[in-house]
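Q: using only what follows, build the 3D model:
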Amino acid sequence: MVATGSLSSKNQASISELLDGGYHPGSLLSDFDYWDYVVPEPNLNEMVFEETTCQNLVKMLENCLSKSKQTKLGCSKVLVPEKLTQRIAQDVLRLSSTEPCGLRGCVMHVNLEIENVCKKLDRIVCDASVIPTFELTLVFKQETCSWTSLRDLFSRGRFSSGLRRTLILSSGFRLVKKKLYSLIGTTVIEEC
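A: Have a look, this model is predicted:
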């Protein structure tokens, strides 16, 4: 049986068939009422807000990489795989959805793993007016099998500048969630 509307709009013949089959009118009505409330209409405002929040997170991550490229990474370019920051932002939103303050209670530590060594890039506080309820540690990974790493190996002559290097990020990343105010102190680690 598929509930598609209210009981009053159903054909009387089909309702009598259900009653003859052993269904009680009270349970039939409660089944229809149940589905009317369980499947809510999609909230367009919520979807627009989530998309805007996701895009803001993407910009924050891209700004973090842009600021870090010359100061902490010593390179002139950082190449990011298509949709990587979008995927990360969506995962951050998903992990923050179960928190009491949502994304507003998040502090994110952004790192880059280069040759099994983590380098701290930035600390992003999503809302400074809210006491953090959880921390996320994001670890970008450097692409190891790329032609630019070989090019950089051969271009380290006396005429090459240290800031001419191009850093290529891998499509993989690690996201670690640590709850700050939990008796259990749960940690969620996601490798993507």
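Q: can you pull up the bridge partners for residue 117?
A: The residues listed as beta-bridge partners of residue 117 by DSSP bridges are residue 114.
Q: how near is it to residue 87?
A: Residue 117 is 24 Å from residue 87, where distance means CB to CB, to the nearest Å. The way it works is simple: take the backbone N, C-alpha and C, and place the C-beta from them, glycine included.
Q: tell me which of the two has more neighbours.
A: residue 87 (15 against 8; other CB atoms under 10 Å).
Q: who does the helix or strand that one falls within touch, helix- and strand-wise?
A: Applying DSSP states H and E as the criterion places residue 87 in helix 84-96. Counting by 3 or more CB pairs under 8 Å, 6 or more residues apart in numbering; DSSP states H and E, the packing neighbours recorded for helix 84-96 are helix 44-71, strand 106-114, strand 134-142, strand 166-179, strand 187-191.
Q: got the buried residues for the helix or strand just after the longest one?
A: Yep, that's helix 44-71 we're talking about. Remark: after helix 44-71, the chain's next helix or strand is strand 77-79, criterion DSSP H and E. By neighbour count with 16 or more other CB atoms under 10 Å, strand 77-79 contains the buried residues residue 78.
Q: partner strands of strand 77-79 and their direction?
A: Strand pairing for strand 77-79, using DSSP bridges, gives strand 166-179 (parallel).
Q: buried stuff in the strand it pairs with?
A: Going by 16+ other CB under 10 Å, strand 166-179 has these buried residues: 167-170, 173-179.
Q: cool, and stretch 124-139?
A: Quick answer for stretch 124-139 (16+ other CB under 10 Å): 124, 126, 130, 132-139.
Q: can I get it in PDB? Just the C-alpha atoms.
A: Provided in PDB are the C-alpha atoms of stretch 124-139 (Å, rounded to 0.1, in the frame of the first residue of the first chain):
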ATOM      1  CA  ILE A 124      39.900  28.800  11.000                       C
ATOM      2  CA  VAL A 125      37.300  29.800  13.600                       C
ATOM      3  CA  CYS A 126      33.900  29.600  12.000                       C
ATOM      4  CA  ASP A 127      32.200  32.000  14.600                       C
ATOM      5  CA  ALA A 128      34.300  33.700  17.200                       C
ATOM      6  CA  SER A 129      31.300  34.700  19.200                       C
ATOM      7  CA  VAL A 130      30.500  31.000  19.900                       C
ATOM      8  CA  ILE A 131      32.500  28.800  22.300                       C
ATOM      9  CA  PRO A 132      33.800  25.900  20.200                       C
ATOM     10  CA  THR A 133      32.100  22.500  20.800                       C
ATOM     11  CA  PHE A 134      34.300  20.500  18.400                       C
ATOM     12  CA  GLU A 135      37.500  20.700  16.400                       C
ATOM     13  CA  LEU A 136      38.200  19.500  12.900                       C
ATOM     14  CA  THR A 137      41.600  18.800  11.700                       C
ATOM     15  CA  LEU A 138      41.900  18.900   7.900                       C
ATOM     16  CA  VAL A 139      45.000  17.400   6.300                       C
END
